[in-house]
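K.L.:
need the 3D shape of this:
(2 chains)
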2 protein chains.
Amino acid sequence: MNSIGKRVLVSGGGGFLGAYLCDELLRRGDIELLVCVDNFWTGLEANLAHIDDARFRLVRSDIEAFRSDIDFHEAYHLASPASPPWYMSDPGRTMSANLVGAMRILELLAPGGRMCFTSTSEVYGDPAVSPQPETYRGSVDCTGPRSSYDESKRATEALLFETRRTRGLDLRVARLFNAYGPRMREDDGRAVSNFIAQALRGDPITIFGDGKQSRSWGYASDIVEGMARYFWRDTFDYDGPLNLGNDREVPVLEIAEYVSKVTGNGRIVFEPPLPQDPSNRCPDLTIARRILPGWSCGISYEDGIGRTIDWFRARLADPERLVAAGGG
Amino acid sequence: MNSIGKRVLVSGGGGFLGAYLCDELLRRGDIELLVCVDNFWTGLEANLAHIDDARFRLVRSDIEAFRSDIDFHEAYHLASPASPPWYMSDPGRTMSANLVGAMRILELLAPGGRMCFTSTSEVYGDPAVSPQPETYRGSVDCTGPRSSYDESKRATEALLFETRRTRGLDLRVARLFNAYGPRMREDDGRAVSNFIAQALRGDPITIFGDGKQSRSWGYASDIVEGMARYFWRDTFDYDGPLNLGNDREVPVLEIAEYVSKVTGNGRIVFEPPLPQDPSNRCPDLTIARRILPGWSCGISYEDGIGRTIDWFRARLADPERLVAAGGG
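P.N.:
Predicted coordinates:
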């Protein structure tokens, strides 16, 4: 096999999931160059510090501003904050990263190149149906406090599917449900990392609302495996967006209680609900099961949260080493 | 009154509604400068040719690329194709005009300046409730062939409301339902202009689908009057997006039959439905009636279509003069 290797672009490769994706890409033998573009707004350079591979190049930049003469065979567009406190703090930047970032990447793709986009279950908003199939059109308040994230993911899907319709594009859109695991920021602001960080600090575990809101809890390595299988295979008999997540629907309170039990920090306190926090979230995985046979989020929350607690605990003890180690 | 007059920006001022808005703005005595930015993708320079006012400046540019040292007191963001064949032909450009255009305009606003955005009833998609109140979250397929328009309007609303929440912004968002009238392009591609142009050419009147799909038919001067009253008044006890349209819900077939009757061209033909054409559309005007007392779409479709036919007929006879004349 002496064909020329592939040139690959990852935006947001310093993020929680982005760094795992870079690791997976570098396991492939057919890649000659992996350019990771990240502005480290929510990503962390430490997430990439362990990478020692001559094919890897890190560019510190907003993806919208990234200029290059390279034409990429594959692009993975992950650049975006994913946690409400982060995207709510700078909605314009969030929308620019997603949509203007996607426009920029389309200009950098080689003819016939593949565009892979990490969309989100948040395109379904506060869903009126459960589980949510990919055909569900969603219930998003486009004027609400979560709209910068939800609507920029929806708009970026629109841009990409419509670009495919009008100009042709090898396209993969994954709608990721909640993911958690090692490499999350302590100040990420989502439930699992909040609970663990609070418990390990000896603070009360804070639940916003009554804790009955359900979520899909996908362990990072399961989600990334699903992404890799979906993004890397060449042909499917399906060309719509694909749900990737855990369809075991678990209330937030149950997660808090489990973290409390495992860490031995028993105190849970309740705060007023976050604005427009969805009441439920569960992927319909019918299509994922069909086109990715054998794939599932097999790591239970009990197992995954245990591993995540171990990692957070170790990071508190030796931040330098453990951020880099990733985990899994 | 010797206070300094206002500097005003209109994007898309050469469009069907944009040109009426420019006319209305130039009737105001408190404006010292009106800058109209249009790339004339779907707008027409002829729509502005009648303007003879030293305060008026026309800039031929994409709004995203418009640079200026002027800080504007008011901005009206209308730049966007509004008809399916146009926006479906270049979805990326449509999304850029709306969202990136809005980002650009926000940078040009003077502190405390007012941002006015013409959103659309298309944010409701193919609605499951009728009439549609502003709180209805919509039913839009964000991967579908109408998504570049629908989702870029939704995303631009999100950008603006979230900018207001995080940084403060004097904001008006009007959700315009179907409008028609003089100055529409013959090749606009929406129902009224299609029917009239076909009938006056002696061609069959084409209906896509069975014609039972309903629409709100707002005559241009009524819609523009609603916009002016909403955009120009300083205070309201309501700060959400505002429906503006005609709540007399009329099927497309009835409009075709009326055009047929008035023009004496009796032949109506049916073609397959357009992809994801909404089945119904009717504004809930409860809020508009409360905050804009006395305003309504008072011009019936019978009257408005009659005027529009007269204008199209006259334009066919003397294109130069009648495009400029506008009508009303």
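K.L.:
go ahead and confirm A:E122 touches A:Y149.
P.N.:
Yes: applying C-beta atoms under 8 Å, one finds A:E122 in contact with A:Y149, separated by 5.9 Å. Where C-beta positions appear, they are placed from N, C-alpha and C, glycine not excepted.
K.L.:
where do the helices sit along the stretch 201-328 of chain A?
P.N.:
Secondary structure of the stretch 201-328 of chain A (DSSP state H, counting those that start in this stretch): helices located at A:220-232, A:252-263, A:286-291, A:301-317, A:319-325.
K.L.:
redo those helices as TSV? Include mean neighbour count.
P.N.:
Below are the helices of the stretch 201-328 of chain A laid out as TSV (neighbours: other C-beta atoms under 10 Å in any protein chain shown):
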stretch	mean neighbour count
helix A:220-232	21
helix A:252-263	19
helix A:286-291	16
helix A:301-317	17
helix A:319-325	16
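K.L.:
which stretch among those helices comes nearest chain B?
P.N.:
Closest to chain B of the helices of the stretch 201-328 of chain A is helix A:286-291 (C-beta to the nearest C-beta; 13.4 Å).
K.L.:
for that closest one, what does the pLDDT average out to?
P.N.:
Across helix A:286-291, the average pLDDT comes to 98.
K.L.:
cool, stretch A:211-222 as well?
P.N.:
Confidence for stretch A:211-222, expressed as mean pLDDT, is 96.
K.L.:
what do you get for stretch A:258-277?
P.N.:
Mean pLDDT, stretch A:258-277: 94.
K.L.:
just the buried residues of that stretch, please?
P.N.:
For stretch A:258-277, a neighbour-count test (16 or more other C-beta atoms under 10 Å in any protein chain shown) marks A:Y258, A:V259, A:S260, A:T263, A:N265, A:I268, A:L274 as buried.
K.L.:
residues contacting A:R267?
P.N.:
A:R267 is in contact with A:P204, A:I205, A:S260, counting by C-beta atoms under 8 Å, 6 or more residues apart in numbering or on different chains.
K.L.:
let's see 6 Å
P.N.:
A:R267 is in contact with A:P204, counting by C-beta atoms under 6 Å, 6 or more residues apart in numbering or on different chains.
K.L.:
enumerate the residues of the stretch 1-150 of chain A near chain B.
P.N.:
The stretch 1-150 of chain A has residues A:P91, A:M95, A:R137, A:S139, A:D141, A:C142, A:T143, A:S147, A:S148 near chain B, with proximity defined as C-beta under 6 Å from any C-beta of the partner chain.
K.L.:
got those as TSV, with secondary structure and neighbour count columns?
P.N.:
Below are the residues of the stretch 1-150 of chain A next to chain B laid out as TSV (DSSP: H, G, I helix; E, B strand; the rest coil; neighbours: other C-beta atoms under 10 Å in any protein chain shown):
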residue	secondary structure	neighbour count
A:P91	helix	27
A:M95	helix	31
A:R137	coil	23
A:S139	strand	16
A:D141	coil	22
A:C142	coil	27
A:T143	coil	25
A:S147	helix	30
A:S148	helix	31
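K.L.:
now the two most distant members of these.
P.N.:
Spanning the widest gap among these are A:P91 and A:R137, at 22.5 Å by C-beta to C-beta.
K.L.:
how far does the longest strand along chain A sit from its chain's centre?
P.N.:
Identified as the longest strand of chain A according to DSSP state E is strand A:109-120. Its chain's C-alpha centre and that of strand A:109-120 lie 16 Å apart, by C-alpha atoms, centre = their mean, to the nearest Å.
K.L.:
could the helices of the stretch 201-328 of chain A go into TSV alongside distance to chain B?
P.N.:
As requested, those are exported to TSV (distance: least, C-beta to the nearest C-beta, whole Å):
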stretch	distance to chain B
helix A:220-232	16
helix A:252-263	23
helix A:286-291	13
helix A:301-317	29
helix A:319-325	30
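K.L.:
turn the ones you listed into JSON lines, including distance to B:Q213.
P.N.:
Shown next, in JSON lines, are the helices of the stretch 201-328 of chain A (distance: least, C-beta to C-beta, whole Å):
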{"stretch": "helix A:220-232", "distance to B:Q213": "37"}
{"stretch": "helix A:252-263", "distance to B:Q213": "42"}
{"stretch": "helix A:286-291", "distance to B:Q213": "30"}
{"stretch": "helix A:301-317", "distance to B:Q213": "47"}
{"stretch": "helix A:319-325", "distance to B:Q213": "56"}
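K.L.:
quick one, what contacts A:P204?
P.N.:
Counted by C-beta under 6 Å, 6+ apart, A:P204 has contacts A:R267, A:V269.
K.L.:
actually, A:N243.
P.N.:
A:N243 touches A:E134, A:R175, A:P283, A:A288, counting by C-beta under 6 Å, 6+ apart.
K.L.:
switch the cut-off to 8 Å
P.N.:
Counting by C-beta under 8 Å, 6+ apart, A:N243 has contacts A:S121, A:Q132, A:P133, A:E134, A:R175, A:F177, A:P283, A:D284, A:L285, A:I287, A:A288.
K.L.:
quick one: which of those is nearest A:L253?
P.N.:
For the contacts of A:N243, the closest approach to A:L253 (C-beta to C-beta) belongs to A:F177, at 18.5 Å.
K.L.:
pretty sure the closest one contacts A:Y219?
P.N.:
No: with contact defined as C-beta under 8 Å, A:F177 does not reach A:Y219; the gap is 11.6 Å.
K.L.:
follow-up on the earlier one: narrow the contacts of A:N243 to just the buried residues.
P.N.:
Here, 16+ other C-beta under 10 Å leaves A:S121, A:Q132, A:E134, A:R175, A:F177, A:P283, A:D284, A:L285, A:I287, A:A288 buried among those.
K.L.:
grab the nearest non-local neighbour of the second one.
P.N.:
In other words, A:Q132. Leaving aside its sequence neighbours, A:Q132 sits nearest to A:Y124 (C-beta to C-beta, 6 or more residues apart in numbering or on different chains; 4.7 Å).
K.L.:
near chain B, which residues of the stretch 151-300 of chain A?
P.N.:
For the stretch 151-300 of chain A, the residues in contact with chain B (C-beta under 8 Å from any C-beta of the partner chain) are A:151-152, A:154-155, A:157-159, A:161-163, A:165-166, A:173, A:240-241.
K.L.:
hmm, back to that, which residues do A:F177 and A:Y219 both contact?
P.N.:
A:N246.
K.L.:
the stretch 1-150 of chain A: strands as residue ranges?
P.N.:
Using DSSP state E, counting those that start in this stretch, the strands of the stretch 1-150 of chain A run over A:6-11, A:31-38, A:56-60, A:72-77, A:109-120.
K.L.:
can you show me the helices along the stretch 51-200 of chain A?
P.N.:
Remark: helices of the stretch 51-200 of chain A, listed N- to C-terminal, are A:84-89, A:91-95, A:101-108, A:147-167, A:191-201; assignment by DSSP H, counting those that start in this stretch.
K.L.:
who does the nearest residue to A:S61 once chain neighbours are set aside bridge with?
P.N.:
Excluding its sequence neighbours, the residue lying closest to A:S61 (C-beta to C-beta, 6+ apart) is A:V37, at 5.5 Å. With DSSP bridges as the criterion, A:V37 is bridged to A:S11, A:V59.
K.L.:
sketch out the low-pLDDT regions of chain A for me.
P.N.:
Within chain A, the stretches with pLDDT under 70 are A:1-3, A:319-328.
K.L.:
ok, now with 90
P.N.:
Filtered on pLDDT under 90, chain A yields the residue ranges A:1-4, A:266, A:315-328.
K.L.:
now do the same end-to-end measure for stretch A:211-224.
P.N.:
End-to-end distance of stretch A:211-224 (C-alpha to C-alpha, to the nearest Å): 27 Å.
K.L.:
of all the helices of the stretch 201-328 of chain A, which lies closest to B:D310?
P.N.:
Among the helices of the stretch 201-328 of chain A, helix A:286-291 sits nearest to B:D310 (C-beta to C-beta), with 53.9 Å.
K.L.:
other SSEs contacting the closest one?
P.N.:
Secondary-structure packing of helix A:286-291 (3 or more C-beta pairs under 8 Å, 6 or more residues apart in numbering or on different chains; DSSP states H and E): helix A:220-232, strand A:242-244.
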